[in-house]
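> Okay, predicted coordinates and the sequence, questions at the end:
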Amino acid sequence: MESVGVEGVANEVRTAFESGKTRSLAWRRSQLKALQRLLYEEEEGMFRALKEDLGKHQAEAYRDEVGILIKSVNYALENLKKWTTPRRVHIPLLAFPTRGELVPEPLGVVLVFASWNFPIGLSLEPLIGAIAAGNAIVLKPSELAPASCNFIAKSVSKYLDNMLVKVVRGGPDVGQKLLEQKWDKIFFTGSSRVARIVMAAAAKHLTPVAVELGGKSPAIFDSLESARDRKVAVERIAGAKWVPCSGQVCIGVDYVLVEEQYAPVLIDQLKATLEKFYPRFDCLSRIINEQHFQRLSNLIKDPSVAATIIHGGSLDSETLFIEPTILLDPPLDAEIMNEEIFGPLLPIITLKKIEDSIEFIRARPKPLVIYAFTKDEKLKSRITAETSSGSLTFNDTMIQFACDELPFGGVGGSGFGQYHGKFSFDLFSHTKAVLRRSFLLEFTFRYPPWDAWKLPFMRSIYHFDYVSLLLRVLGLKRS
Amino acid sequence: MGKGFDGARAAEVVAELRETFRSGRTRSLRWRAAQLKALARMIDENEADIAAALYHDLAKPPTESLLHEISLAKEACLFALKKLKRWMKPQKVPTSITTFPSSAKIVPEPFGVVLVISAWNFPFLLSMDPVIGAIAAGNTVVLKPSEVATATSSFIAKNLPHYLDNSCIRVVEGSIPEASALLEQKWDKIFYTGSARVGRIVMAAAVKHLTPLVLELGGKCPVLVDSNVDIKVVAKRIVVGKWGCNSGQACIAPDYIITTKAFAPKLVDALKITLEKFYGKDPLGSKDLSRIVNSSHFTRLKNLLDEEKVSGTIVLGGQEDEKHLKIAPTLLLDVPSDASIMKEEIFGPLMPIITVDDLEHSFDVINSKPKPLAAYLFTKDHKLEKKFVKTVSAGGMLINDAILQFTNLHLPFGGVGESGMGSYHGRFSFDAFSHKKAVLSRGFSGEIPMRYPPYTPLKQKVLRGLITGNVLPLLLALVGWPGHRKSLVA
């Protein structure tokens, strides 16, 4: 798309926003209902697109993208009235008569960049919040997932308001042109490298941004006595590594921390789980493209890393398939232990004591999520208090993503800005403080000239010292 | 600190504060409360010195210093002290059937090492206020006060280290070189109060480390005056909101007035009377008016007045005293919209009054300009009021008064669009400096094998019900408890 095209789109959307159409609850509801219909009626189309782009099995597509979106849009529809209703605020008696409220208003025209790994989910989820908050939207899905990108463009155009919700397709050059326009908010999901480009462009217009990045999300695996618990725990770890998009997931388990003595038990259970989940590999997504396939192959090419592979390791560049691979204690200075893996390779790092995992994690950039499998309440408290991450989940994985009541987003290196549920609505709103006074009850000591006698009155007010104030007003107290 | 504070020194300071933060020193309620108490004591014990510094920097009348800076800073400390325990407490949130059984909470945690850059117009308050929030949230802080308010900057640099924990809170004095050295470092949050121009520079600097920001900027805050009002009260409130607030050098000061052609003469008269009542016949000599902060701003304001199409519209004031950097309260009537005074934030004692036929039409005028930090409306017409709130976008709004929203600790204070991003005051300060960490806890029961491959048709059916909350498939899923799972694995 040429730059005139992009500028034209931006101008069109802004004009449409300024018409005021998005302000009505009716419009927002209609768009969310249309999204609901899209999700139900176009299911096959979504499954096909995701299969084409990533080889995703339809169960995975439903579990991780379609189903999540349905849940989110239902939640938004249920709560729309509540979210958009101004909230009364407590005002101290001394300011009587005063009424205060918080009035949410849309920011205006929002730009959303989606990434390629959950190309439909990560495009439409921010859309839900932005629409609920009454914004107009321009969405740029990832060109690395072309079938999904086309699906989104076609279906958004078919179901949603064409003047106010637009999809722009293209690569980095189109992204760049979009960034030259003025937006009221930019929502970005992707890598830190590109996030910097986005934020730098946003700085020119003082546009607030939210950046959902990634990082190396660890799973702490404490000793669990019950074999059943261990089985469940390891299935959940596998469920956050290979099961979603072959590990190409920001909230996946990047690596596991375990005490030396329990490593064998963990490894055996992992192998058993892999056998159970993947008797054949037709349920496993493939790597998105050549470039990432190369990147991942390179991670295990290093002989000192390759030597630590204890399971898997086979690659097929034609089908972009990488076998679920487990490594035991690869060197900590190798790239695989310093870059976000984003693929089906699982390093296991052994420690003398499981408590050492806290220091291990703290020495590294703050991840998007920390997982910890433990029944030790003391360890749980320590992990909660002493580590920092976007989220923290005990004894399960991935599932925090499905909680509408929990904010989803990073901290430090994993990003800033939170969404999901009401947090989405708030992210795309300006919460305007409105205070209402009346003409009754004038306090003359508010005004100049600043005579000495006025000061004590002001002090009483500022200290909410009603008694003093009353006494002063009645002339019964002097300074 | 001042000379020789370069990038290397800045990096050292940050490294020291990061080390202290890692030690966990700032995490306890006890430490935070102790700091806030010490800060309140500093304010109490040095009220006279603070007022003197503000008088030196801005010729701020002592009453204004007390009202707008000293009292508000102390209130912020005391409010935070009162509420801190509650703010620090994790907030339990409900979980849905999708993750049953589980418990969830949101745990606030400090970001780490934060940078606060303050402004010159309320140099004491705008330094203390964000620092109070940062401390309450458990961060370590570097504060850079504005170098334009020299006495206040000195006061802060000299006294803060005596009252607060130096291993956690530092003051760096200086101007552009020092600020640049600081901005090159890796911060976990940056809080900036000042102009939009510098706001862009700060945000651009934050890009390097993808640091989140709060920017408290400004804008042209309009005051709409309807004709159905109690004009004496309105005039008083506008005057004290503009000239009684650092001579108009305030981010939320009424910048310009919009009123109807019919009402304008009455309003102008009322303002004239009020101004004389408050500041006497010779306002340049009044002790109750701040001066312009420095000669560069004085010249800026003078130029706004001297513009050809503007000078003829002055209906009151216009007198200047360059030696003492004072400009008299000045009213201008029907300034052309393309004059500089109608395009940039005035930040001084000049008040243009624009007249329109119908007040409602002025909403479009306001919306066509960058969104301001505050918008004011004086009216008794509830319909107009409702439309105003619905149509006009601004950081905050106040109906029938001016600037008071700033003093209310229960309201978020911040801008939108060009007037800024993020907000603070009261609980919002704590939130601005906290990361809200989502913590979800589960047990090992209630396993749902349909989450995992191989994906059989039966599994997929149950999964659908579970995610979307359909009850029947849900019951089947609950059968995933130990002893009954077998029936589900096809």
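Yep, that arrived.
> the strands in the stretch 101-250 of chain B, which residues?
Remark: strands assigned in the stretch 101-250 of chain B by DSSP state E, counting those that start in this stretch are B:102-110, B:113-117, B:140-144, B:169-171, B:189-193, B:213-216, B:222-225.
> so which of those strands comes closest to chain A?
Nearest to chain A among the strands of the stretch 101-250 of chain B is strand B:102-110 (5.6 Å), distances taken as C-beta to the nearest C-beta. Glycine gets a C-beta too; all of them are placed from N, C-alpha and C.
> do the closest one and chain A meet at all?
Yes. Interface with chain A: strand B:102-110 contributes B:102, B:104, B:106-107, B:109 (C-beta under 8 Å from any C-beta of the partner chain).
> Give me the angle between that strand and strand B:189-193.
On the basis of axes from the mean of the first three to the mean of the last three C-alpha atoms, to 10 degrees, strand B:102-110 is oriented at 60 degrees to strand B:189-193.
> ok, residues contacting strand B:102-110?
A:384, A:388, A:392, A:396, A:399-400, A:403, A:405-407, B:21, B:26-27, B:87-88, B:90-95, B:137-139, B:430-431, B:433-442 (C-beta atoms under 8 Å, 6 or more residues apart in numbering or on different chains).
> Which of these are buried, as a ChimeraX select command?
Selection of buried members from the contacts of strand B:102-110 for ChimeraX, criterion 16 or more other C-beta atoms under 10 Å in any protein chain shown:
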select /A:384,388,392,396,399,400,403,405,406,407 /B:21,26,27,87,88,93,95,137,138,139,430,431,433,434,435,436,437,438,439,440,441,442
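> Now render the strands of the stretch 101-250 of chain B as a markdown table, adding distance to residue B:465 and mean pLDDT.
As requested, the strands of the stretch 101-250 of chain B are exported to a markdown table (distance: least, C-beta to C-beta, whole Å; pLDDT from 0 to 100):
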| stretch | distance to residue B:465 | mean pLDDT |
| --- | --- | --- |
| strand B:102-110 | 18 | 96 |
| strand B:113-117 | 46 | 98 |
| strand B:140-144 | 49 | 98 |
| strand B:169-171 | 54 | 98 |
| strand B:189-193 | 43 | 98 |
| strand B:213-216 | 43 | 98 |
| strand B:222-225 | 54 | 97 |
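> before we move on, the earlier item: keep only those of the contacts of strand B:102-110 that are in helices.
Counting by DSSP state H, the members of the contacts of strand B:102-110 that fall within helices are A:384, B:21, B:87-88, B:430-431.
> Can you tell me which of those residues comes closest to residue B:337?
Nearest to residue B:337 among these: residue B:431, at 38.7 Å, using C-beta to C-beta.
> Please name the residues that touch that closest one.
By C-beta under 8 Å, 6+ apart, residue B:431 lies in contact with B:108, B:137.
> neighbours around residue 248, how many?
Using chain A. Neighbourhood size, residue A:248 [other C-beta atoms under 10 Å in any protein chain shown]: 22.
> Sorry, I should have been clearer: chain B.
By other C-beta under 10 Å, the residues close to residue B:248 number 26.
> Touching, it and residue B:347? I think so.
Yes. Assessed by C-beta atoms under 8 Å, residue B:248 is found in contact with residue B:347 at 6.7 Å.
> low-confidence ranges in the stretch 251-400 of chain B?
Along the stretch 251-400 of chain B, no part satisfies pLDDT under 70.
> Which parts of it are strands?
Using DSSP E, counting those that start in this stretch, strands in the stretch 251-400 of chain B cover B:256-260, B:314-316, B:320-321, B:326-327, B:330-333, B:350-356, B:374-378, B:396-399.
> Equivalent analysis for the stretch 201-350 of chain A, please.
For the stretch 201-350 of chain A, strands defined by DSSP E, counting those that start in this stretch occupy the ranges A:209-212, A:218-221, A:255-259, A:309-311, A:315-316, A:321-322, A:325-328, A:345-351.
> Quick check: neighbours of the last one in the sheet, parallel or antiparallel?
The reference is to strand A:345-351. According to DSSP bridges, strand A:345-351 forms sheet pairs with strand A:255-259 (parallel), strand A:325-328 (parallel).
> Dump the longest one to CSV, keeping only the CA atoms.
Presented in CSV, the C-alpha positions along strand A:255-259 are these (Å, rounded to 0.1, in the frame of the first residue of the first chain):
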residue,chain,number,x,y,z
TYR,A,255,13.1,-23.2,30.3
VAL,A,256,12.7,-25.3,33.4
LEU,A,257,14.6,-24.9,36.7
VAL,A,258,14.8,-28.1,38.9
GLU,A,259,16.9,-29.4,41.7
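> one step back: can I get the strands of the stretch 201-350 of chain A in JSON lines including mean pLDDT and mean neighbour count?
Below are the strands of the stretch 201-350 of chain A laid out as JSON lines (pLDDT from 0 to 100; neighbours: other C-beta atoms under 10 Å in any protein chain shown):
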{"stretch": "strand A:209-212", "mean pLDDT": "98", "mean neighbour count": "25"}
{"stretch": "strand A:218-221", "mean pLDDT": "98", "mean neighbour count": "26"}
{"stretch": "strand A:255-259", "mean pLDDT": "98", "mean neighbour count": "22"}
{"stretch": "strand A:309-311", "mean pLDDT": "97", "mean neighbour count": "16"}
{"stretch": "strand A:315-316", "mean pLDDT": "95", "mean neighbour count": "16"}
{"stretch": "strand A:321-322", "mean pLDDT": "96", "mean neighbour count": "22"}
{"stretch": "strand A:325-328", "mean pLDDT": "98", "mean neighbour count": "22"}
{"stretch": "strand A:345-351", "mean pLDDT": "98", "mean neighbour count": "21"}
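> Do you have the helices of the stretch 251-400 of chain B handy? List them.
B:264-279, B:295-306, B:308-311, B:362-368, B:382-391 (DSSP state H, counting those that start in this stretch).
> Of all those, which one comes closest to chain A?
Set against chain A and scored by C-beta to the nearest C-beta, these come closest in helix B:264-279, at 4.0 Å.
> In that closest one, which residues are buried?
By neighbour count on 16+ other C-beta under 10 Å, the buried set for helix B:264-279 is B:264, B:267-268, B:270-272, B:274-275, B:278-279.
> Within reach of chain A, which of those residues are there?
Checking these against chain A by C-beta under 8 Å from any C-beta, the ones in range are B:278-279.
> right, so the strands of the stretch 251-400 of chain B: which one is the most enclosed?
Neighbour counts (mean count of other C-beta atoms under 10 Å in any protein chain shown) averaged over each of these peak at strand B:374-378, with a mean of 28.
> what inclination does that one have with respect to helix B:264-279?
Computed by the same axes, to 10 degrees, the angle between strand B:374-378 and helix B:264-279 is 110 degrees.
> ok now strand B:374-378, how far from the chain's centre?
From the chain centre to the centre of strand B:374-378 is a distance of 17 Å (C-alpha atoms, centre = their mean, to the nearest Å).
> Just list what that strand packs against, helices and strands only.
On a contact count with 3 or more C-beta pairs under 8 Å, 6 or more residues apart in numbering or on different chains; DSSP states H and E, strand B:374-378 meets strand B:222-225, helix B:231-242, helix B:382-391, strand B:396-399.
> quick one, which of the ones you listed is nearest to residue A:91?
Evaluated over the helices and strands packed on strand B:374-378, closeness to residue A:91 peaks at strand B:396-399, with 12.3 Å, by C-beta to C-beta.
> Can you tell me what sits against the helix or strand following the closest one?
Later in the chain than strand B:396-399, the nearest helix or strand by DSSP states H and E is strand B:420-421. With C-beta under 8 Å, 6+ apart as the test, strand B:420-421 has contacts from A:206, A:208, B:199, B:213-217, B:373, B:395, B:414-415.
> so can I have CSV of the buried residues of helix B:264-279 showing distance to residue A:448?
Supplementary listing: those in CSV, determined by distance: C-beta to C-beta, whole Å:
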residue, distance to residue A:448
B:264, 24
B:267, 19
B:268, 19
B:270, 16
B:271, 14
B:272, 15
B:274, 10
B:275, 10
B:278, 4
B:279, 7
